[in-house]
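>>> okay, here's the prediction I keep looking at, along with the sequence it came from:
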Amino acid sequence: MRAAYILTAALMTATALSGCKPPIDDPNVMYSDDHQDPIKRLETDVDIDKQSLPYQQTFYVPIYSNIYVDEDNPKVLLSATLSIRNTSLEHSLYVTKIDYYNTGGDFVRSYLSKSIELPPMGTLNYIVEKLDDTGGDGANFVVNIEGESTKTKPVIEAIMIGNYSNKGFAFETEAVPISNTD
(Lines give C-alpha, C1' and ligand atoms only; values in the text may rest on other atoms or scores of the structure.)
Protein backbone atom coordinates (compact mmCIF):
# COMPACT_ATOMS: atom_id res chain seq x y z
CA MET A 1 0.00 0.00 0.00
CA ARG A 2 2.80 2.41 0.91
CA ALA A 3 4.63 1.64 -2.35
CA ALA A 4 1.47 2.40 -4.35
CA TYR A 5 1.07 5.73 -2.51
CA ILE A 6 4.70 6.69 -3.22
CA LEU A 7 4.38 5.65 -6.88
CA THR A 8 1.16 7.66 -7.27
CA ALA A 9 2.73 10.74 -5.65
CA ALA A 10 5.83 10.42 -7.85
CA LEU A 11 3.70 10.11 -11.01
CA MET A 12 1.58 13.12 -10.05
CA THR A 13 4.69 15.19 -9.36
CA ALA A 14 6.32 14.15 -12.64
CA THR A 15 3.13 14.95 -14.56
CA ALA A 16 2.82 18.36 -12.91
CA LEU A 17 6.47 19.24 -13.53
CA SER A 18 6.46 18.06 -17.14
CA GLY A 19 3.88 20.74 -18.00
CA CYS A 20 5.96 23.52 -16.50
CA LYS A 21 7.99 25.76 -18.74
CA PRO A 22 11.45 26.74 -17.60
CA PRO A 23 11.47 30.10 -15.82
CA ILE A 24 12.38 33.16 -17.85
CA ASP A 25 15.08 35.04 -15.96
CA ASP A 26 15.04 38.24 -17.98
CA PRO A 27 12.44 40.61 -16.50
CA ASN A 28 12.33 42.49 -19.81
CA VAL A 29 10.93 39.37 -21.45
CA MET A 30 8.89 38.16 -18.48
CA TYR A 31 7.03 41.45 -17.93
CA SER A 32 6.49 42.47 -21.55
CA ASP A 33 3.01 42.04 -22.99
CA ASP A 34 4.17 39.66 -25.72
CA HIS A 35 6.98 37.97 -23.71
CA GLN A 36 9.64 39.21 -26.12
CA ASP A 37 12.70 41.31 -25.46
CA PRO A 38 11.46 44.88 -26.09
CA ILE A 39 14.71 45.90 -27.77
CA LYS A 40 14.72 42.89 -30.12
CA ARG A 41 11.07 43.56 -30.98
CA LEU A 42 11.88 47.13 -32.09
CA GLU A 43 15.09 46.35 -34.01
CA THR A 44 15.10 47.59 -37.57
CA ASP A 45 17.05 46.49 -40.61
CA VAL A 46 16.55 49.91 -42.17
CA ASP A 47 19.94 51.44 -42.88
CA ILE A 48 19.76 54.79 -41.14
CA ASP A 49 21.58 57.51 -43.07
CA LYS A 50 22.82 59.66 -40.21
CA GLN A 51 23.54 62.55 -42.54
CA SER A 52 19.93 62.78 -43.71
CA LEU A 53 18.22 62.87 -40.30
CA PRO A 54 17.97 66.44 -39.01
CA TYR A 55 17.57 65.50 -35.32
CA GLN A 56 20.59 63.88 -33.67
CA GLN A 57 21.23 64.02 -29.94
CA THR A 58 23.21 62.12 -27.33
CA PHE A 59 21.79 61.87 -23.80
CA TYR A 60 23.34 61.05 -20.43
CA VAL A 61 20.96 59.19 -18.10
CA PRO A 62 22.03 58.71 -14.45
CA ILE A 63 21.19 55.33 -12.89
CA TYR A 64 21.60 54.25 -9.30
CA SER A 65 22.25 50.51 -8.89
CA ASN A 66 22.53 51.04 -5.14
CA ILE A 67 22.31 53.78 -2.55
CA TYR A 68 23.69 54.37 0.93
CA VAL A 69 21.23 53.95 3.80
CA ASP A 70 23.18 53.96 7.08
CA GLU A 71 26.34 52.58 8.63
CA ASP A 72 24.68 49.27 9.59
CA ASN A 73 23.33 48.68 6.06
CA PRO A 74 25.50 50.80 3.83
CA LYS A 75 24.29 49.45 0.49
CA VAL A 76 20.73 48.88 -0.66
CA LEU A 77 20.37 47.45 -4.17
CA LEU A 78 17.88 49.05 -6.57
CA SER A 79 16.17 47.94 -9.74
CA ALA A 80 16.11 50.54 -12.49
CA THR A 81 13.94 51.04 -15.54
CA LEU A 82 15.23 53.08 -18.46
CA SER A 83 12.27 54.65 -20.27
CA ILE A 84 12.61 56.21 -23.73
CA ARG A 85 9.43 57.83 -25.09
CA ASN A 86 8.68 59.22 -28.52
CA THR A 87 6.56 62.35 -28.15
CA SER A 88 5.69 62.67 -31.84
CA LEU A 89 2.25 61.86 -33.21
CA GLU A 90 3.68 61.48 -36.74
CA HIS A 91 7.39 60.58 -36.82
CA SER A 92 9.43 57.63 -35.65
CA LEU A 93 12.58 58.09 -33.60
CA TYR A 94 15.65 55.89 -34.05
CA VAL A 95 17.66 54.79 -31.05
CA THR A 96 21.16 54.02 -32.29
CA LYS A 97 22.99 53.54 -28.98
CA ILE A 98 22.18 52.44 -25.44
CA ASP A 99 25.50 51.97 -23.63
CA TYR A 100 25.88 51.29 -19.92
CA TYR A 101 28.79 52.67 -17.86
CA ASN A 102 29.84 52.10 -14.25
CA THR A 103 30.74 54.53 -11.47
CA GLY A 104 34.36 54.73 -12.66
CA GLY A 105 33.25 55.69 -16.18
CA ASP A 106 34.18 52.28 -17.57
CA PHE A 107 32.05 50.83 -20.36
CA VAL A 108 30.04 47.85 -19.03
CA ARG A 109 27.91 46.78 -22.02
CA SER A 110 25.89 47.87 -25.01
CA TYR A 111 22.21 47.03 -25.09
CA LEU A 112 21.87 47.39 -28.88
CA SER A 113 23.24 45.23 -31.66
CA LYS A 114 21.07 47.07 -34.24
CA SER A 115 19.27 50.39 -34.26
CA ILE A 116 15.70 50.35 -33.03
CA GLU A 117 12.73 52.24 -34.41
CA LEU A 118 10.46 53.80 -31.82
CA PRO A 119 7.13 54.44 -33.54
CA PRO A 120 5.10 57.63 -33.03
CA MET A 121 3.97 57.81 -29.38
CA GLY A 122 5.91 54.57 -28.69
CA THR A 123 7.83 53.78 -25.52
CA LEU A 124 10.76 51.52 -24.77
CA ASN A 125 11.11 50.45 -21.14
CA TYR A 126 14.16 48.41 -20.22
CA ILE A 127 14.88 46.97 -16.77
CA VAL A 128 18.25 46.68 -15.05
CA GLU A 129 17.75 44.01 -12.39
CA LYS A 130 18.21 44.77 -8.72
CA LEU A 131 20.92 42.13 -8.38
CA ASP A 132 22.89 43.61 -11.30
CA ASP A 133 25.10 46.04 -9.44
CA THR A 134 27.84 46.13 -12.09
CA GLY A 135 27.16 49.83 -12.59
CA GLY A 136 27.51 50.79 -8.94
CA ASP A 137 26.05 53.85 -7.30
CA GLY A 138 27.12 56.15 -10.14
CA ALA A 139 26.06 54.07 -13.15
CA ASN A 140 24.74 55.76 -16.27
CA PHE A 141 23.47 55.21 -19.77
CA VAL A 142 24.53 57.04 -22.90
CA VAL A 143 21.67 57.04 -25.41
CA ASN A 144 21.80 58.28 -29.02
CA ILE A 145 18.52 59.35 -30.62
CA GLU A 146 17.95 60.35 -34.23
CA GLY A 147 14.80 61.52 -35.94
CA GLU A 148 13.13 62.91 -39.02
CA SER A 149 11.96 66.10 -37.31
CA THR A 150 13.83 68.57 -35.13
CA LYS A 151 10.52 69.36 -33.42
CA THR A 152 10.29 65.88 -31.92
CA LYS A 153 12.03 65.66 -28.57
CA PRO A 154 12.12 62.34 -26.71
CA VAL A 155 11.43 61.99 -23.01
CA ILE A 156 14.11 59.84 -21.41
CA GLU A 157 13.94 58.95 -17.72
CA ALA A 158 15.13 56.32 -15.32
CA ILE A 159 13.02 55.07 -12.45
CA MET A 160 14.75 53.35 -9.53
CA ILE A 161 12.86 51.22 -7.02
CA GLY A 162 14.07 49.57 -3.84
CA ASN A 163 13.17 48.61 -0.33
CA TYR A 164 14.81 48.76 3.05
CA SER A 165 13.39 47.02 6.10
CA ASN A 166 9.62 47.38 5.76
CA LYS A 167 9.73 50.52 3.63
CA GLY A 168 9.68 50.86 -0.14
CA PHE A 169 10.85 53.83 -2.14
CA ALA A 170 11.09 55.01 -5.73
CA PHE A 171 12.64 57.99 -7.46
CA GLU A 172 13.40 59.14 -10.98
CA THR A 173 16.18 60.82 -12.88
CA GLU A 174 15.94 62.64 -16.19
CA ALA A 175 18.24 62.48 -19.18
CA VAL A 176 20.56 65.38 -19.87
CA PRO A 177 21.49 66.24 -23.47
CA ILE A 178 25.24 66.14 -23.99
CA SER A 179 27.31 67.10 -27.00
CA ASN A 180 27.53 64.49 -29.70
CA THR A 181 31.16 63.46 -30.08
CA ASP A 182 30.61 60.60 -32.56
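Looks like it came in fine.
>>> what's around Asp25, how many residues?
Asp25: 8 surrounding residues under other CB atoms under 10 Å. Placement of C-beta: from N, CA and C, glycine included.
>>> now stretch 95-109: average pLDDT?
Regarding stretch 95-109, the rounded mean pLDDT is 95.
>>> now Tyr101: how far from Pro154?
According to CB to CB, to the nearest Å, Tyr101 and Pro154 sit 20 Å apart.
>>> err, Gln56, not the other one
Distance of Gln56 to Pro154, computed by CB to CB: 12 Å.
>>> spit out the residues that contact these two alike.
Counting by CB atoms under 8 Å, 6 or more residues apart in numbering, the shared contacts of Gln56 and Pro154 are Ile145.
>>> between these two, who's got more neighbours?
Pro154 (22 against 16).
>>> quick check: that one touching Arg85?
Yes - under the criterion of CB atoms under 8 Å, Pro154 makes contact with Arg85 at 6.1 Å.
>>> ok, now how distant is the closest residue in space to Lys97 that isn't next to it in sequence from Lys153?
Leaving aside its chain neighbours, Lys97 sits nearest to Asn144 (3.8 Å; criterion: CB to CB, 6 or more residues apart in numbering). Separation of Asn144 from Lys153 (CB to CB): 14 Å.
>>> enumerate every residue touching Leu82.
Here Leu82 is in contact with 61, 63, 98, 124-128, 141, 143, 156-158 (criterion: CB under 8 Å, 6+ apart).
>>> re earlier: overlap in contacts, Pro154 and Arg85.
Listed as contacting both Pro154 and Arg85 by CB under 8 Å, 6+ apart are Leu118.
>>> PyMOL command for the buried members of the contacts of Leu82?
Applying 16 or more other CB atoms under 10 Å to those, the buried members can be selected in PyMOL as follows:
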select buried, resi 61+63+98+124+126+127+128+141+143+156+158
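>>> need the contacts of Leu82 in JSON lines with distance to Ala80 and secondary structure, can you?
Output for those, formatted as JSON lines (distance: CB to CB, whole Å; DSSP: H, G, I helix; E, B strand; the rest coil):
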{"residue": "Val61", "distance to Ala80": "10", "secondary structure": "strand"}
{"residue": "Ile63", "distance to Ala80": "5", "secondary structure": "coil"}
{"residue": "Ile98", "distance to Ala80": "13", "secondary structure": "strand"}
{"residue": "Leu124", "distance to Ala80": "14", "secondary structure": "strand"}
{"residue": "Asn125", "distance to Ala80": "11", "secondary structure": "strand"}
{"residue": "Tyr126", "distance to Ala80": "9", "secondary structure": "strand"}
{"residue": "Ile127", "distance to Ala80": "7", "secondary structure": "strand"}
{"residue": "Val128", "distance to Ala80": "4", "secondary structure": "strand"}
{"residue": "Phe141", "distance to Ala80": "9", "secondary structure": "strand"}
{"residue": "Val143", "distance to Ala80": "14", "secondary structure": "strand"}
{"residue": "Ile156", "distance to Ala80": "13", "secondary structure": "strand"}
{"residue": "Glu157", "distance to Ala80": "10", "secondary structure": "strand"}
{"residue": "Ala158", "distance to Ala80": "5", "secondary structure": "strand"}
